[in-house]
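> got a structure for you, letters missing:
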């Protein structure tokens, strides 16, 4: 009976984790460049032995679940914003840098122009090019720059990642390709950092494929996540009911045992 309560509680904790992951995915359904998380159930053999009341190691180990990130493409959407960029290369990421010099990988290409002329993410991280941080005010240092009016300037990003302000070449966006994205550490919904086992390289000029005026949306399917939430909630309620029934039965057994 106590075994049944433990088994039901173990299942409820697993369902709770799945609920939290699904809810987080749903809340980021409209976050540009977001990659959804999934829950993977491991130690299935030990879990089966545990349910059959045979000797196993599930009770002495961590929960038999883990999360992973699904790096499938999100839907591309045309915005015609010159600083909205989408990567067509599989397993490739933009490289951005924060104020402390920490670098991150991301698929979120909804960039803006900061006050100092840097091409930045919404939270201020600066886009990195082949020569460092990309800054549109480099026209003061670019030789033979033909920029006449910075107020009515035209920003152009070619398919190969070259960034132009009017006719002046500012630099080239440096994409990073990761051999196995599953080795990346998820810092937030849209930012990742390589681990020691991560194999990465810079894409060459010929390999780079970038769409200007497009963004890659979240790869979350809102309807699918909503259905999953409903199913998980039902399973969680079933587990709670099992615990309640077994708890009542155990309470009655204790009461009867007092008179034996």
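Thanks, I have it. What you see is a predicted model, and the numbers here were worked out from it, not measured in a lab. Numbering: from 1, shown residues only.
> Report the contact partners of the closest residue to residue 203 other than its chain neighbours.
Among residues not flanking residue 203 along the chain, residue 175 sits closest, at 4.4 Å (CB to CB, 6 or more residues apart in numbering). (Glycine included, C-beta is placed from N, CA and C.) The contact partners of residue 175, taken as CB atoms under 8 Å, 6 or more residues apart in numbering, are 87, 89, 92-95, 161, 202-203, 208, 210.
> Could you list which of the residues you listed belong to strands?
87, 92-95, 202, 210 (DSSP state E).
> For the stretch 101-250 of the chain, which segments are assigned as strands?
103-106, 112-113, 119-120, 126-129, 132-133, 155-157, 162-165, 168-172, 175-178, 185-186, 192-193, 200-202, 210-212, 214-216 (DSSP state E, counting those that start in this stretch).
> Tell me which of the ones you listed sits most buried.
strand 119-120 (a mean of 24; mean count of other CB atoms under 10 Å).
> Show residues contacting that one.
By CB under 8 Å, 6+ apart, strand 119-120 touches 83, 111-114, 126-127, 134-136, 163.
> any idea which of those is least confident?
Lowest pLDDT of the contacts of strand 119-120: residue 136, 86.
> and of the strands of the stretch 101-250 of the chain, who's closest to residue 73?
The closest of those to residue 73 is strand 214-216. By CB to CB, the value is 6.8 Å.
> same for that closest one, what does it pack against?
Secondary-structure packing of strand 214-216 (3 or more CB pairs under 8 Å, 6 or more residues apart in numbering; DSSP states H and E): strand 76-78, strand 85-87.
> mean confidence score for that strand?
On average, strand 214-216 scores 96.
> Ok, stretch 33-43 next?
For stretch 33-43, the per-residue pLDDT averages 81.
> Show me which positions of that stretch end up buried.
33-37, 39, 43 (16 or more other CB atoms under 10 Å).
> which one of those is nearest residue 77?
Nearest to residue 77 among those, with distances taken as CB to CB, is residue 33, at 11.6 Å.
> re earlier: in a markdown table, list the ones in strands among the contacts of residue 175 along with pLDDT and distance to residue 70.
As requested, these are exported to a markdown table (pLDDT from 0 to 100; distance: CB to CB, whole Å):
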| residue | pLDDT | distance to residue 70 |
| --- | --- | --- |
| 87 | 97 | 17 |
| 92 | 96 | 16 |
| 93 | 97 | 15 |
| 94 | 97 | 19 |
| 95 | 97 | 22 |
| 202 | 95 | 25 |
| 210 | 96 | 23 |
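> picking that back up, wait, which of the strands of the stretch 101-250 of the chain is closest to residue 18?
Comparing the strands of the stretch 101-250 of the chain by CB to CB, strand 185-186 comes nearest, at 17.1 Å.
> So in that sheet, which strands flank that closest one, and in what orientation?
When pairs are called by DSSP bridges, strand 185-186 turns out to pair with strand 192-193 (antiparallel).
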